[in-house]
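Asks: have a look; sequence and predicted model below, questions after that.
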Amino acid sequence: MRDGLHIIVIADDITGAAEMAGMAHSRGLRVQLVCDRSVCGVAPADVLVIATDTRSMTEDEAVAETLRVASSLSAVVARDSSVLIFKKTDSALRGHVVAELKTLMAATGCRSAVYMPANPSKGRVIKGGVYYIKEGRGAAELVPLHMTAFSYDPEFPAFTSSLRDRFPDAADGIIMPDAESANDIRAIVARYAGEGTLFAGAADLFRELLPAGRCDSCDSSALSDGPEEALILCGSTQSKPEALGLTESAMPLAVYDGGDDLQPWLDDAMSKHKAGGSLVLTIPHTHRTGRTAAIHLRKMMAEMTRQLFRVLSCPTDCAILAPPFRHLIIEGGATAWATLHALGWSSFDVVRELAPGVVRMRATNGTMVTLKPGSYPWANTINFG
């Protein structure tokens, strides 16, 4: 370990995990990201990031997985009392936040938890216990969360902007302070840092917990190796794929409405891929909501990607596959988790933080994987040629 540093991040989705890994990597820290449900035998690292995908689970499943991960870390924590555990949660209040925090507090012996989902750097603030997103001309207007596009999230729609109303079962030990600026976040860390406090929240909070170090600039040549080599998956309800200006292959309505015949979509995607240029897989329909629909959509997107990789790698269905795309770019954490699991990829080396929340990693087969949270805009630094 460098200077005795040891940070463990437990993230409830893989794009959040990648975001934390990218931030730590940009500070010159050794980072390992795993999502194979096992934290044993990982490479030595200053920062270990564990993606759990609990945001896509039921609450009972999320609690059980959180307890399993916490139990697997108990020996590490027992050996080094300086270990800092950070619980990465969504910056728009989605997920089984309180249930997971209570489980972690009980498992780690933390007496209190600071939950800070605000990201002032992205115009997401908490004022008077109410969550706002800055929108409008010049991003100057404070809009309550429940009046934004997050109100129709398929699994965790924002029916309220009040943190206490959103999490009425939060225990006294869970502190949810206001934060409207980076200085506010910094003051919160200074006030509550110490033994017995669990920190949980979004990127701005994690940034303040990291040690000072070098900070790499964003790579303006990101993904510029050739537009024909990128497959982009837009699996988020917040996605705006038209902003990419690339060829799209859309999920057929029959598949969106619950069907599982992917051949027409596969034929369309293969035809467009052969025509050249980057290919974007999209979900253009929005009339289905709820957990069942969300699970079906990410399952179909993941299976479509798996089949597309296999067919383009070896049309004769051979056992050894050569990845047909040098870059796989995935928007949306649940989609990313399902897709990487379908492809059998579970361990990644962080290459670079391309932009806040947009992280490039390398899979063990050499394919570059770039992950982007669905609620973040497409970064101008992502260049498709």
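Replies: Perfect, I can see it now.
Asks: now do the strands in the stretch 151-300 of the chain.
Replies: 174-175, 197-201, 230-234, 247-250, 279-282 (DSSP state E, counting those that start in this stretch).
Asks: pretty sure residue 348 contacts residue 31?
Replies: No. Look at residue 348 against residue 31 with Cβ atoms under 8 Å: they stay out of range, at 9.5 Å. Bear in mind the C-beta positions are built from the backbone N, C-alpha and C, glycine included.
Asks: any idea how far the residue lying closest to residue 83 once chain neighbours are set aside lies from residue 86?
Replies: Computed as Cβ to Cβ, 6 or more residues apart in numbering, the closest residue to residue 83 that is not its neighbour in sequence is residue 6, at 4.7 Å. To residue 86, residue 6 is 11 Å away according to Cβ to Cβ, to the nearest Å.
Asks: do the same with residue 209
Replies: 6 Å.
Asks: with residue 149 instead?
Replies: Residue 149 is 27 Å from residue 86, by Cβ to Cβ.
Asks: so the two - more neighbours on which side?
Replies: For the pair residue 149 and residue 86, the greater number of neighbours falls to residue 86 (21 against 14), based on other Cβ atoms under 10 Å.
Asks: now the nearest residue to residue 296 once chain neighbours are set aside. Its backbone dihedrals?
Replies: Distances taken as Cβ to Cβ, 6+ apart place residue 258 nearest to residue 296, at 6.3 Å, with adjacent residues excluded. Residue 258 adopts backbone torsions of phi 120, psi -10, taken as degrees, to the nearest 10.
Asks: equivalent analysis for the one 4 residues further on, please.
Replies: Dihedral angles phi and psi of residue 262 (degrees, to the nearest 10) take the values phi -90, psi 0.
Asks: could you do residue 286 as well?
Replies: The phi/psi pair for residue 286 (degrees, to the nearest 10) is phi -140, psi 10.
Asks: can you tell me the average pLDDT over the longest strand along the chain?
Replies: Longest strand in the chain by number of residues, with DSSP state E as the criterion: strand 347-355. In this model, strand 347-355 has a mean pLDDT of 86.
Asks: what is the mean pLDDT for the next helix or strand after it?
Replies: Where DSSP states H and E defines the elements, the next helix or strand beyond strand 347-355 is strand 358-363. Averaged over strand 358-363, pLDDT sits at 89.
Asks: got a list of contacts for the next helix-or-strand element following strand 358-363?
Replies: Next helix or strand after strand 358-363 toward the C-terminus (DSSP H and E): strand 368-372. Taking Cβ atoms under 8 Å, 6 or more residues apart in numbering as the criterion, the residues outside strand 368-372 that touch it are 14-15, 18-19, 222-223, 326-331, 333, 336, 340, 345, 348, 351, 354, 357-363, 378-379, 382.
Asks: which among these count as buried?
Replies: Using 16 or more other Cβ atoms under 10 Å as the burial test, these include 14-15, 18-19, 222-223, 327-331, 333, 336, 340, 345, 348, 351, 354, 357-361, 363, 378-379, 382 as buried.
Asks: any weak-confidence spans in the stretch 51-200 of the chain?
Replies: 75-81, 136-140, 195 (pLDDT under 70).
Asks: so what's residue 97 up against?
Replies: By Cβ under 8 Å, 6+ apart, the neighbours of residue 97 are 89-90, 115, 167, 200.
Asks: can you show me the helices along the stretch 101-250 of the chain?
Replies: 163-166, 182-192, 203-209 (DSSP state H, counting those that start in this stretch).
Asks: quick check: closest non-adjacent residue to residue 295.
Replies: In space, residue 295 is closest to residue 56, 7.6 Å off (Cβ to Cβ, 6+ apart).
Asks: quick one: contacts for the one you found?
Replies: 13, 155, 294-295, 298, 333-334, 337.
Asks: please report the distance of it from residue 202.
Replies: As judged by Cβ to Cβ, residue 56 and residue 202 stand 18 Å apart.
Asks: do residue 359 as well
Replies: Distance from residue 359 to residue 202, by Cβ to Cβ: 15 Å.
Asks: quick one on the thing from earlier: please indicate which of the contacts of residue 56 are buried?
Replies: 13, 155, 294, 298, 333-334, 337.
Asks: can I get those residues in a markdown table with distance to residue 110?
Replies: Shown next, in a markdown table, are these (distance: Cβ to Cβ, whole Å):
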| residue | distance to residue 110 |
| --- | --- |
| 13 | 22 |
| 155 | 27 |
| 294 | 31 |
| 298 | 32 |
| 333 | 25 |
| 334 | 28 |
| 337 | 27 |
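Asks: gap between stretch 346-363 and the chain center?
Replies: The gap between where stretch 346-363 is centred and where its chain is centred comes out at 11 Å by Cα atoms, centre = their mean, to the nearest Å.
Asks: what's the span of it, first residue to last?
Replies: Distance across stretch 346-363, first residue to last, is 8 Å (Cα to Cα, to the nearest Å).
Asks: and what of stretch 249-263?
Replies: For stretch 249-263, the end-to-end distance is 13 Å (Cα to Cα).
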